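Q: Structure for the following, please:
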Amino acid sequence: MLPLVRLFRMYMVRLQQISRVARRISNPMLVTDADWHITWVNDAFTELTGFTFADAEGRQPCDLLRSPDTSLESAMRIAAAFRARGPFHEVLRVARRNGETFWADLDMQPIASDEGTL
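A: Residues are numbered from 1 along each chain as shown. Now for the predicted structure:
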């Protein structure tokens with residue numbers, strides 16, 4: 001059996017590797033808590049939207065990115081998927097920090113703990 005310190009170091013190295021990949025991946029990503037408050041965004045998210053982590057932290061994606069061009073039907077489908085704690089895929093108009101709108105291809109995948117909580 002590996003000594004606890006060695007095992008901890010191995011996990012930390014793996015966590016740092018995954019963190020670097022997530023930060024540098026070219027696809028915009030954000031992470032939320034179970035109440036859908038943003039807890040992390042990657043550099044690609046900031047480049048695309050203009051919102052930094054400081055702008056986004058604690059806000060809900062729908063409040064941060066909502067645009068007058070966002071369809072009510074899309075918003076309702078996303079809200080239903082969130083309430084069901086299920087995945088969703090939706091293409092809709094969202095807004096950058098400067099107000100410019102663009103089409104976004106959103107894919108949400110809830111990730112549960114081993115105990116089943118989000």
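Q: Return the longest helix in the protein, judged by number of residues.
A: As assigned by DSSP state H, the longest helix anywhere in the chain is helix 4-24.
Q: average pLDDT for the very next helix or strand once past that helix?
A: Of the helices and strands lying after helix 4-24 in sequence (DSSP states H and E), the nearest is strand 30-32. Averaged across strand 30-32, pLDDT comes to 90.
Q: And strand 30-32, what's buried?
A: For strand 30-32, burial by neighbour count (16 or more other CB atoms under 10 Å) applies to Leu30, Thr32. All C-beta spots, glycine's among them, are computed from the backbone N, C-alpha and C.
Q: List the contacts of that strand.
A: Contacts of strand 30-32 with the rest of the structure, by CB atoms under 8 Å, 6 or more residues apart in numbering, involve Ile38, Thr39, Trp40, Val41, Asn42, Phe45, Ala56, Gln60, Pro61.
Q: quick check, distance from the helix or strand hosting Phe82 to the centre of its chain.
A: In this assignment (DSSP H and E), Phe82 forms part of helix 72-83. Relative to its parent chain, helix 72-83 has a centroid offset of 16 Å by CA atoms, centre = their mean, to the nearest Å.
Q: for the protein, which spans come out with low pLDDT?
A: Applying pLDDT under 70 to the chain flags residues 1-2, 118.
Q: Across the sheet, point out what pairs with the residue most central in space within the chain.
A: Among the residues of the chain, Leu30 comes closest to the average C-alpha position under CA atoms, centre = their mean, at 2.2 Å. Note on Leu30: beta-bridge partners by DSSP bridges are Val41.
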